[in-house]
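Asks: for reference, the sequence and a predicted model appear below.
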Amino acid sequence: MKSLIAGNWKMNGLRADSMALIEALKAKAAGSAPGCDVLVCPPSILIANAMAAVAGNPITVGGQDCHAEDKGAFTGDIAAAMLADFGCSHVIVGHSERRRDHAENDAQVAAKAAAAHRAGLVAIVCLGESAEEREQGRAAQVVTGQLAGSLPPSANGANTVVAYEPIWAIGTGKVATPGDVAEIHDVLRAELVSILESQGEAVRLLYGGSVNAANAHELLRVPHVNGALVGGASLKPDDFWTIVEAAPH
Ligand code: PGA
């Protein structure tokens, strides 16, 4: 399965910074064509600029969130169809920062993923346990529950990516060990196959949480790791491109 390396820029970057970042990534892609799929997810207000900048380049652009409804009176929100209309291919849903700061639960995440599918987008469904849940030995149980609750009936291998992001590893510099990642990705793959049958084999499983230029090579070779969702390191073009080049192909 071809790897996907996705950069989640979160709420970072003014226009000039973001355009400099995208130009640097374009130059790297022109220098050596990536052997994996490369996605950047800028803040929504910068998507149009990012999209125009990557025209004709293998780098694709995605959103960081969408609303569960197709349109309507939802002040401040963005519909999946609007992201698709601007040329986005993917949208992240259920990131732990959205679950924490916007009280999004599994059912809402599933509804957002369904909205993404209706708009023709690939939904990157995020899940992951807290430090407390891991200490209690409940990590596998928590993520399988989140997976079952966050996948809509429309999910299949082509329109859905699952990102395992242990909350304690996000933005902390504490990275899960390859052994921890292997265990959870194994469990998630089995659960995907049990929910989606043969389609479950085709869903890409990303690891996210303090992925950086130094640890990417090893993490990207863990069984059932089909790519990475990268936060902090995606804002540094050299580091992000080192991760892109570390992907097996
Ligand atoms: P991080 O973020 O790489 O900065 O830990 C990952 C994410 O939140 O997607």
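Replies: Perfect, I can see it now.
Asks: what residues does this protein have near the ligand?
Replies: Within the chain, the positions near the ligand by Cβ under 6 Å from any ligand atom are 8, 165, 170-171, 208-211, 229-233. Any C-beta I mention is one placed from the backbone N, CA and C, and that applies to glycine too.
Asks: show the buried residues in the residues you listed.
Replies: Neighbour-count burial (16 or more other Cβ atoms under 10 Å) applied to the residues of the chain next to the ligand gives 8, 165, 170, 208-211, 229-233.
Asks: just to revisit the earlier point, and the two most separated of the residues of the chain next to the ligand?
Replies: Spanning the widest gap among the residues of the chain next to the ligand are Glu165 and Ala233, at 13.7 Å by Cβ to Cβ.
Asks: give me the lowest-pLDDT entry from the residues of the chain next to the ligand.
Replies: Here the lowest pLDDT out of the residues of the chain next to the ligand sits on Gly171, with 88.
Asks: regarding it, what is its secondary structure?
Replies: Using DSSP: H, G, I helix; E, B strand; the rest coil, the structure places Gly171 in coil.
Asks: correct me if wrong: it contacts Gly231.
Replies: Yes - when contacts are counted by Cβ atoms under 8 Å, Gly171 is listed as touching Gly231 (6.0 Å).
Asks: and the residue of the chain found nearest the ligand, how far from Phe240?
Replies: Residue nearest to the ligand within the chain (Cβ to the nearest ligand atom): Gly231, separated by 2.2 Å. For Gly231, the distance to Phe240 (Cβ to Cβ, to the nearest Å) stands at 11 Å.
Asks: give me the common contacts of those two.
Replies: Counting by Cβ atoms under 8 Å, 6 or more residues apart in numbering, no residue touches both Gly231 and Phe240.
Asks: returning to that earlier point: take the buried ones among the residues of the chain next to the ligand and lay them out in TSV including secondary structure.
Replies: Formatted as TSV, those follow (three-state DSSP):
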residue	secondary structure
Asn8	strand
Glu165	coil
Ile170	coil
Gly208	strand
Gly209	coil
Ser210	coil
Val211	coil
Leu229	strand
Val230	strand
Gly231	coil
Gly232	helix
Ala233	helix
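Asks: export those to TSV and tack on distance to Asn49?
Replies: Putting these into TSV (distance: Cβ to Cβ, whole Å) gives the following:
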residue	distance to Asn49
Asn8	17
Glu165	27
Ile170	26
Gly208	25
Gly209	28
Ser210	28
Val211	25
Leu229	22
Val230	21
Gly231	21
Gly232	22
Ala233	22
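Asks: all helices for the protein, in order.
Replies: Assigned by DSSP state H, the helices in the chain fall at 15-31, 47-53, 80-85, 96-101, 106-118, 131-135, 139-150, 178-196, 216-219, 237-246.
Asks: mind checking how far the shortest one is from the chain centre?
Replies: It stands for helix 216-219. Chain-centre distance of helix 216-219: 17 Å, with Cα atoms, centre = their mean, to the nearest Å.
Asks: repeat for the last one
Replies: Averaging C-alpha positions (Cα atoms, centre = their mean) puts helix 237-246 16 Å from its chain's average.
Asks: do the third one as well
Replies: Its chain's C-alpha centre and that of helix 80-85 lie 17 Å apart, by Cα atoms, centre = their mean.
Asks: burial check on the nearest residue to Leu235 once chain neighbours are set aside, number of neighbours?
Replies: Closest residue to Leu235 apart from its sequence neighbours, by Cβ to Cβ, 6 or more residues apart in numbering: Asn12 at 5.8 Å. Residues within reach of Asn12, counting by other Cβ atoms under 10 Å, total 15.
Asks: ok, Ala84 next?
Replies: 18.
Asks: got it, and Ala33?
Replies: Ala33: 8 surrounding residues under other Cβ under 10 Å.
Asks: tell me the contacts of it?
Replies: Counting by Cβ under 8 Å, 6+ apart, Ala33 has contacts Pro58.
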